[in-house]
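> I would like to see how this sequence folds:
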Amino acid sequence: MNMLRINPFKELDSFFDVQRRALADRDASFSKDWSPRVDIVESDESFVIKAELAGIPKEDIKVEVDNKILTLSGERKSEVTDEKHHRVERFYGSFSRSFSLPETIDEANIKAESKDGILTLTLPKQAPQETLKKIEIH
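Here you go, the predicted model:
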């Protein structure tokens, strides 16, 4: 006769492990800064940066250029309430991404558009300026 050992607490232990992991994941998504994913494409006329910012109103997004550094920053506000949440995987909180701009960018004509959760920045190139200066001798 084979004896079968039963651990009545095995399922309960497994349940609590799942709950502990879920709480740790949820807490991590609140406490970490996060960075939106971006695509950067270059053409002859411009650079285009597309950033995934789903669920963030354009009023909560800042785009700044300072000393040839383009910075995207903002905040995704938490939607977690006192209701029973089964899974929280999206990141919440502040974000910031910075990019060094090439000298050829026309900073005065950068355009930004937010549509369907994608922020699109168009950074036009300016015509190369002549660096050689001729001095006339009198």
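> low pLDDT regions in this protein?
Where the chain drops to pLDDT under 70, the residues are 1, 4, 6-32, 128-133.
> Now do the strands in this structure.
Shown for the chain, the strands assigned by DSSP state E span residues 38-42, 46-52, 61-66, 69-76, 93-100, 111-115, 118-124.
> mind putting these in TSV, distance to Glu83 and mean neighbour count included?
To be clear about C-beta, it is placed using only N, CA and C from the backbone, and glycine gets the same treatment. Conversion of the strands of the chain to TSV gives the following (distance: least, C-beta to C-beta, whole Å; neighbours: other C-beta atoms under 10 Å):
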stretch	distance to Glu83	mean neighbour count
strand 38-42	33	12
strand 46-52	26	18
strand 61-66	27	14
strand 69-76	19	17
strand 93-100	20	13
strand 111-115	29	12
strand 118-124	29	18
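> Quick one: these as JSON lines, columns for distance to His138 too.
Supplementary listing: the strands of the chain in JSON lines, determined by distance: least, C-beta to C-beta, whole Å:
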{"stretch": "strand 38-42", "distance to His138": "45"}
{"stretch": "strand 46-52", "distance to His138": "43"}
{"stretch": "strand 61-66", "distance to His138": "41"}
{"stretch": "strand 69-76", "distance to His138": "43"}
{"stretch": "strand 93-100", "distance to His138": "42"}
{"stretch": "strand 111-115", "distance to His138": "46"}
{"stretch": "strand 118-124", "distance to His138": "39"}
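> Among those strands, single out whichever gets nearest to Arg5.
Shortest separation from Arg5 across those is recorded for strand 93-100, at 47.0 Å, computed as C-beta to C-beta.
> which other residues reach the closest one?
With contact meaning C-beta atoms under 8 Å, 6 or more residues apart in numbering, strand 93-100 is reached by 30-36, 38, 40, 49, 51, 68-76, 78.
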